[in-house]
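Undergrad: Give the three-dimensional model of this entry:
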Amino acid sequence: MPQDLKAGMVSYNGLVPLFGITGSNGTSETETGLMTVSSLNNWLGRLSDSQFSTSGPTGAWANEWFSVWNYLQYGGSCVVGGTGSTGAYYTQNGTLGTTSTILHNNNQVQLDIVFDGGNTLSSAAAASIAQTRTDCLAVIGNYRDISSLNLASAYDGFTADFGAKNTSEYVVYVAGRKKFTYVSNGVAIVYEGSLSPDVAGCFARTAKTDNIWVTPAGYVRGRILNVLYMTQKFSDSDATYFGQGGVNAIYSLPGEGTFLLSNFTSNTSATSAKKQISNMMLSLYLQKQLISVLKRYLFTQNNASTRQQVINSSTPILDSILANGAISSYLLTCDESNNTAAVAAAGNLILDVTIGLVVPATTVTVRVINSATGEVIVS
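TA: Here you go, the predicted structure:
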């Protein structure tokens, strides 16, 4: 079930007033503080129509501009939040906090992914948005080179390299910075940035070509675009210790390219299904699909008839996911066992969805076996 993924980023360096659609009807982008960028061409067109058409991306806002640009390389669309000139997110001095932005409000903006703009403020905002909304994931990259490599234990340099530490299943850390080129007025210029926009782009590409719940990692879905070279190279040992700390190391392989080859959220609980990106994306997709269908039962009586209708309405959604191989089994429960008299008296209606998760292959092993003896010669 390919679909368009909805991604967002909070700008702290003025992208919305610089490149947003202006107006005075109370709904323009510069007034509301919310800018919707439909495509890469749309983003480039906004730059061409601005005062920076000749100079190109420069100044304090350039890193944020390139973060959106790098994400859009993968074919997605993006909403950029900032301060508006009127309305709920207007501030007199133009400042914007990290715990209350327009992207925090899921009634105003639909999101599947939120990524940072290359600074610690947008990183903090991304993590806060995902954990506040609980309907999307935040992808956060290191704003500087990793401070210490040749790791000997689980990575824990979050404050120095990412700006803050978080152990939430709603947060995805990616380690690695790339040098990339941008052509301005016929001249190719080299820039540097984190890989969080690229990994968010891998999510968008995966949603379009496969399914939104499929992990964006791998040699096809996880390929990083426009990499001149990585500023640091990670060893297999480094990548292992990054993973133990809940960080996805981005690999560059000689002659092949640069890839996301892991599937970790920052929840590092050894036994939790929440530690895998694919499980979280599947759960969030299920939540959204079921809420969309079941909200029609608001303000109906919590009785046997209503509960059976809830089961009947939910079954096609689970059947579709089962047929796509994302789960191995499911059980829907909406009866007296989880809708007790006390639950009904409190005005609640509960649907429990139990699913059998399918674990994606994270390693490939090739074994050469002697057919005469069954001996493994090479593994």
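
Undergrad: So this structure: which segments form each domain?
TA: 6-266, 295-357 (automatic domain parsing).

Undergrad: Show me the one of these that comes nearest Val366.
TA: domain 6-266 (15.2 Å; Cβ to Cβ). Placement of C-beta: from N, CA and C, glycine included.

Undergrad: Can you name the residues that contact Leu15?
TA: By Cβ atoms under 8 Å, 6 or more residues apart in numbering, the contact list for Leu15 reads 35, 61, 64-65, 68, 80, 82.

Undergrad: if you set the cut-off to 6 Å instead, what comes out?
TA: 61, 64, 80 (Cβ atoms under 6 Å, 6 or more residues apart in numbering).

Undergrad: Mind putting the residues you listed into CSV with pLDDT, secondary structure and neighbour count?
TA: Conversion of the contacts of Leu15 to CSV gives the following (pLDDT from 0 to 100; DSSP: H, G, I helix; E, B strand; the rest coil; neighbours: other Cβ atoms under 10 Å):
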residue, pLDDT, secondary structure, neighbour count
Trp61, 94, coil, 19
Glu64, 96, helix, 26
Val80, 97, strand, 27
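
Undergrad: just to revisit the earlier point, closest one to Ile277 among the domains of the chain?
TA: When the domains of the chain are compared for distance to Ile277 using Cβ to Cβ, the nearest one is domain 6-266, at 4.9 Å.

Undergrad: can you list the domains of the chain in TSV and add distance to Gln287?
TA: Listed next are the domains of the chain as TSV, based on distance: least, Cβ to Cβ, whole Å:
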stretch	distance to Gln287
domain 6-266	7
domain 295-357	9
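
Undergrad: Looking at those domains, which one is packed in the most?
TA: Counting by mean count of other Cβ atoms under 10 Å, domain 6-266 has the highest mean neighbour count of those, with a mean of 19.

Undergrad: How far does that domain sit from its chain's centre?
TA: Remark: domain 6-266 is offset 9 Å from the chain centroid, using Cα atoms, centre = their mean, to the nearest Å.

Undergrad: Would you point out which residue is most central in this protein?
TA: Centre of the chain computed as the mean C-alpha position; nearest residue by Cα atoms, centre = their mean is Ile113, 3.3 Å away.

Undergrad: Quick check: closest non-adjacent residue to that residue.
TA: Ala7 (4.5 Å; Cβ to Cβ, 6 or more residues apart in numbering).

Undergrad: any weak-confidence spans in this structure?
TA: 1, 86-94, 362-363 (pLDDT under 70).
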